[in-house]
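Enquirer: fold the stuff below for me.
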Amino acid sequence: MQTSCVAPDKKDLGRALCIVTGASKGFGRTIAKEISLLLKPRSVLVLAARSCEKLQELKADLDSSGAGREGLVTCCVVADLATNEGVGSVISAAKEFSIKDMDNLILINNAASLGDVSRYTQSFTNMAEVDSYLSFNVSSALSLTASLLQAFPQQQGLRRCIVNVSSLCALKPFPSWVLYCTGKAAREMMFRVLAEEEPDIRVLSYSPGPMDTDMQIVARDTTADLTVKKSFVSLLNQGQLITCEASCAKLLKVLLEDSYLSGAHLDFYEL
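Expert: Presented below is the predicted three-dimensional model:
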C-alpha cells in the first residue's frame, strides 16, 4: 500500500483546485457543497454540468451559505462532456487559475448517465446509439482526466487526486443494464491503469451505493429485467436507499485519511 500523503487526523483538504463534473444535481451537487467546506481560503471549485440554471442555483447556495466557505472561488462551466468542446471548456476554465502554493489538485469524475435500461443486450444494434453513450460516460472521463493532468503536471508539494464515481455495476452484471455496466466497468479499468502508470497520482474509484436520486426513480420505472427492478423497489419500500449526504461523507472521509491503495475500488458498504 502506498504511503499516505495526508495525516490521518487531517480536517481539511488544504488549498486546492477542485473540479466536480455532473455538479448540477444529485450526488455531484452534494459533493460540491460538502467538499467546499473542506477547502481552505483561496481555493477554487470548478463546477461542470449541462444545466446552466442548476449550476447557477448551486453557486448561489455556496456563495450565500457563509461559514466554512470564505475566500472560496467558484467557477461554473456549462459543458457537454460528450464533446471535445465541452472537455476543452472545463480545462480552459481550470487553467485560468494558478495552482502555485496549492496543496491539492482534485478531479471528481461524477458525470454519467444511466442509459436505456428498458431493453436487453441483443437490441443494441445501432452503433451510433452505443457510441453516443460511451462518448459521454467513458471517452469524456478519459479525455478530461488526461487533459487535466497534462495541464497541471507533477510539481513539488502538489498532491494530484483523481476520483472516479463508480458503481457495483462496474463489477457485477445487471440484466438489461448493458450500457451502464459496460461504461462503469470500462471506467474502472481506465483508472486502474492510470494508477499503475502514474504512482505519484492518487486514484480512487468510489461506489456510492444505491442513492435516493433521480436515477433511482428512472431505474425503478424503466428497468426491463423484473428481478433487478424488484430489487430497487424493495430498497425504496424498506427505506434502504442511501442519502447523497451519507455517501458523500464516507467519500470525503476516505479522501481526508488518504490511506487507500491508489487505483482501489471502495464501496459505501465496505467503509
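Enquirer: rest of the way, CA atoms for contacts and neighbours
Expert: Fine.
Enquirer: roughly how far does Asn237 sit from Leu114?
Expert: 22 Å (Cα to Cα, to the nearest Å).
Enquirer: next one: the residue sitting nearest the centre point of the chain from Asn237, what distance?
Expert: When Cα atoms, centre = their mean is applied to the chain, the residue found nearest the centroid is Asn110 (2.3 Å). Asn110 sits 27 Å away from Asn237 when distances are taken as Cα to Cα.
Enquirer: which residue ranges of this structure form strands?
Expert: 16-21, 44-49, 73-78, 104-109, 159-165, 202-207, 264-267 (DSSP state E).
Enquirer: shaky segments in the stretch 51-200 of the chain?
Expert: When residues are selected by pLDDT under 70, those of the stretch 51-200 of the chain lie in 66-68.
Enquirer: tell me where it has helices.
Expert: Counting by DSSP state H, counting those that start in this stretch, the segments of the stretch 51-200 of the chain that form helices are 52-64, 84-95, 127-134, 140-151, 178-197.
Enquirer: let's have the ones you listed in CSV, adding mean neighbour count and distance to Leu72.
Expert: Listed next are the helices of the stretch 51-200 of the chain as CSV, based on neighbours: other Cα atoms under 10 Å; distance: least, Cα to Cα, whole Å:
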stretch, mean neighbour count, distance to Leu72
helix 52-64, 16, 9
helix 84-95, 18, 14
helix 127-134, 14, 34
helix 140-151, 18, 21
helix 178-197, 19, 29
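Enquirer: distance to Leu17 added to those helices, as a markdown table?
Expert: Conversion of the helices of the stretch 51-200 of the chain to a markdown table gives the following (distance: least, Cα to Cα, whole Å):
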| stretch | distance to Leu17 |
| --- | --- |
| helix 52-64 | 16 |
| helix 84-95 | 8 |
| helix 127-134 | 27 |
| helix 140-151 | 11 |
| helix 178-197 | 20 |
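Enquirer: out of these, flag the one nearest Asp258.
Expert: With Cα to Cα as the criterion, Asp258 lies closest to helix 178-197 of the helices of the stretch 51-200 of the chain, at 14.5 Å.
Enquirer: off-centre distance for that closest one?
Expert: How far helix 178-197 lies from its chain's middle: 13 Å, per Cα atoms, centre = their mean, to the nearest Å.
Enquirer: just checking, what packs against that helix?
Expert: Contact here means 3 or more Cα pairs under 8 Å, 6 or more residues apart in numbering; DSSP states H and E; on that basis helix 178-197 packs against helix 127-134, strand 159-165, strand 202-207.
Enquirer: dump the ones you listed to TSV, plus distance to Lys229.
Expert: Formatted as TSV, the entries for the helices and strands packed on helix 178-197 read as follows, by distance: least, Cα to Cα, whole Å:
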stretch	distance to Lys229
helix 127-134	22
strand 159-165	22
strand 202-207	20
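Enquirer: contacting residues for the closest residue to Ser36 other than its chain neighbours?
Expert: Excluding its sequence neighbours, the residue lying closest to Ser36 (Cα to Cα, 6 or more residues apart in numbering) is Arg69, at 6.4 Å. Arg69 sits next to Ser36, Leu37, Leu39, Lys40, Pro41, Leu62, Asp63 when contact means Cα atoms under 8 Å, 6 or more residues apart in numbering.
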